[in-house]
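**Q** I would like the atomic coordinates for the input below:
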Amino acid sequence: LYFDKDGNIMDYKALLTGTTDNCGGGLTPWNTWVTCEEYSDGQCWQVDPINEKAKETKLGGNGGRYESVAVDNRLPNQPVFFTTEDDEEGALRRFVANGNGWDALHSDGETTFLNILGGNAYEWTTDEDAGRSSASKHFPNTEGIQVHEGKVY
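**A** Modelled structure (predicted):
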């Protein structure tokens, strides 16, 4: 939806088609939207409403039931994206991008998964199975997510 300065709808355009069961998502620091597919082989897609383009991101890895995305942009040249997965074993993903802007979600970066070790201890691991096991035990079916001043909620 496109609005004028008074909030009136000016236009509607489908910028992303061919996806399945899109759910939440999240806003990027460069004013694009990441939409999440919530089905077994789902992906996360970045949509640019100004330049009218959409592209699959690195956030979805090998596929999953994705729900929401939030970003910690305290280091603008290395934004950190967090992606939730609405599944009993839906690991919380962290993607540290190399760069900023549209290409940051489509190029190299590091994906890790939250693994709660017990007590107040946790780690970010590249072992997706450990992340899924941790999610199943501590935070199954994660829905929304937000980052504020470096804290993930």
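
**Q** Just want the most central residue of this protein.
**A** In the chain, the centroid-proximal residue (CA atoms, centre = their mean) is Val69; its distance is 3.1 Å.

**Q** Check which helix or strand the residue nearest to that one when sequence neighbours are not counted maps to.
**A** Nearest non-adjacent residue to Val69, counting by CB to CB, 6 or more residues apart in numbering: Gly26, 3.4 Å away. Any C-beta I mention is one placed from the backbone N, CA and C, and that applies to glycine too. If you go by DSSP states H and E, Gly26 is part of strand 22-27.

**Q** Which elements pack onto that strand?
**A** strand 33-42, strand 64-72 (3 or more CB pairs under 8 Å, 6 or more residues apart in numbering; DSSP states H and E).

**Q** centre of the chain versus it, how much separation?
**A** Distance of strand 22-27 from its chain centroid, counting by CA atoms, centre = their mean, to the nearest Å, is 8 Å.

**Q** Name the residues of that strand that come out as buried.
**A** Buried residues in strand 22-27, counted by 16 or more other CB atoms under 10 Å: Cys23, Gly24, Gly25, Gly26.

**Q** which residues touch the spatially closest residue to the second one that is not a sequence neighbour?
**A** In other words, Gly24. Leaving aside its chain neighbours, Gly24 sits nearest to Ser68 (4.1 Å; criterion: CB to CB, 6+ apart). Contact analysis of Ser68 by CB atoms under 8 Å, 6 or more residues apart in numbering lists Cys23, Gly24, Gly25, Gly26, Cys36, Thr83, Thr84, Thr142, Glu143, Gly144, Ile145.

**Q** What segments of the protein are strands?
**A** In the chain, the segments counted as strands under DSSP state E are 2-3, 9-11, 22-27, 33-42, 44-48, 53-56, 64-72, 80-85, 93-97, 109-118, 121-125, 147-148, 151-152.

**Q** just checking, what packs against the fourth one?
**A** Applying 3+ CB pairs under 8 Å, 6+ apart, one finds that strand 33-42 contacts strand 22-27, strand 44-48, strand 64-72.

**Q** any idea how far Asn120 is from the nearest residue to Ile50 once chain neighbours are set aside?
**A** Leaving aside its sequence neighbours, Ile50 sits nearest to Asn31 (CB to CB, 6+ apart; 7.5 Å). Remark: distance between Asn31 and Asn120 (CB to CB, to the nearest Å) = 36 Å.

**Q** Over to Asp4?
**A** Asp4 is 50 Å from Asn120, where distance means CB to CB.
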